[in-house]
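Asks: what's the 3D shape of this:
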Amino acid sequence: DNNTHFFHAISILLSFPHLINQIFKTKTVSKEGCYELYIFANGEYKIVVIDDYFPIIKGTNSLRFAKPNKAELWLMLLEKAYAKVHGGYASLLSCDVISVLRCFTGFACERLNFFDIDLEDLENAIHTNKSNNKLFVTPKESSSSVGLIKGKTYELVDLYDVKTKDNEGNEKDLKMVKIKNMFEYDKYKGEYSTESTLWNEDIKRVVNYNSEEKQCIYMSLDNLYSYFL
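Replies: The predicted structure is shown next:
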């Protein structure tokens, strides 16, 4: 679908169900087909009223955009509310993750490009992420070779400074990152994957490695720059 950015933003919100719940002023299915949603648009929070008519593909009974999971309406209602305040459903084809998150949360959102920030800025962003904010990264197209999915959104959780030894026994400093895979379990197959031979006890101890954490991906900081935008 061309509106994948919208769905990726919603996938992020799914990690915080209370944020989605507070959007809906109408909490149950409306017999009148009328729903009130509380969103942030044009610089202010406002109530948006929409009905439950949704566009379909011409000549069919198939919905044009979001498809319900059984009898669920909430995703289609979010989609319609976003379209209403952004000029129509065509806005879903050109939106980005930032604009969708801002619309449904009102939170301050910022895009950081790895080409524009240095290591110190990135470290500060990650450490701030641990206390107050959430930081997400998007893979490059070439990252599919190591099992990362282009266009998906991964949460950047932590950064570690590791003192270890190389194969010749020489001491070296290594920066490792921990990433949460929000969509698939254990698909990453690059360096420091679960089957990698690069792991040693020094690294495992510092990152508090747990092989049972199926949604966690570990990699070097260099790999982060290589694989993500």
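
Asks: can you name the element that comes right after the least confident helix or strand in the chain by mean pLDDT?
Replies: The least trusted helix or strand in the chain, going by mean pLDDT, DSSP states H and E, turns out to be helix 119-131, with a mean of 75. Counting by DSSP states H and E, the element after helix 119-131 in chain order, helix or strand, is strand 136-137.

Asks: so which elements touch that following strand?
Replies: Other elements packing on strand 136-137 under the criterion 3 or more C-beta pairs under 8 Å, 6 or more residues apart in numbering; DSSP states H and E are strand 154-165. Every C-beta, even on glycine, is put in place using the N, C-alpha and C of the backbone.

Asks: redo that, cut-off 10 Å
Replies: Applying 3 or more C-beta pairs under 10 Å, 6 or more residues apart in numbering; DSSP states H and E, we find strand 136-137 packed against helix 4-13, strand 154-165, strand 171-180.

Asks: can you tell me which of these is packed in deepest?
Replies: When you average the neighbours per residue for each of those (mean count of other C-beta atoms under 10 Å), helix 4-13 leads with a mean of 20.

Asks: ok, residues contacting it?
Replies: Under the contact criterion C-beta atoms under 10 Å, 6 or more residues apart in numbering, helix 4-13 has outside partners 1, 19-20, 23, 65-66, 74-75, 78-79, 82-83, 91-105, 109, 134, 136, 138, 150-153, 155, 182-183.

Asks: among those residues, which are in strands?
Replies: 136, 155 (DSSP state E).

Asks: restricted to helices, list the contacts of helix 4-13.
Replies: The helices in this structure, assigned by DSSP state H, contain 19-20, 23, 74-75, 78-79, 82-83, 97-105 from the contacts of helix 4-13.
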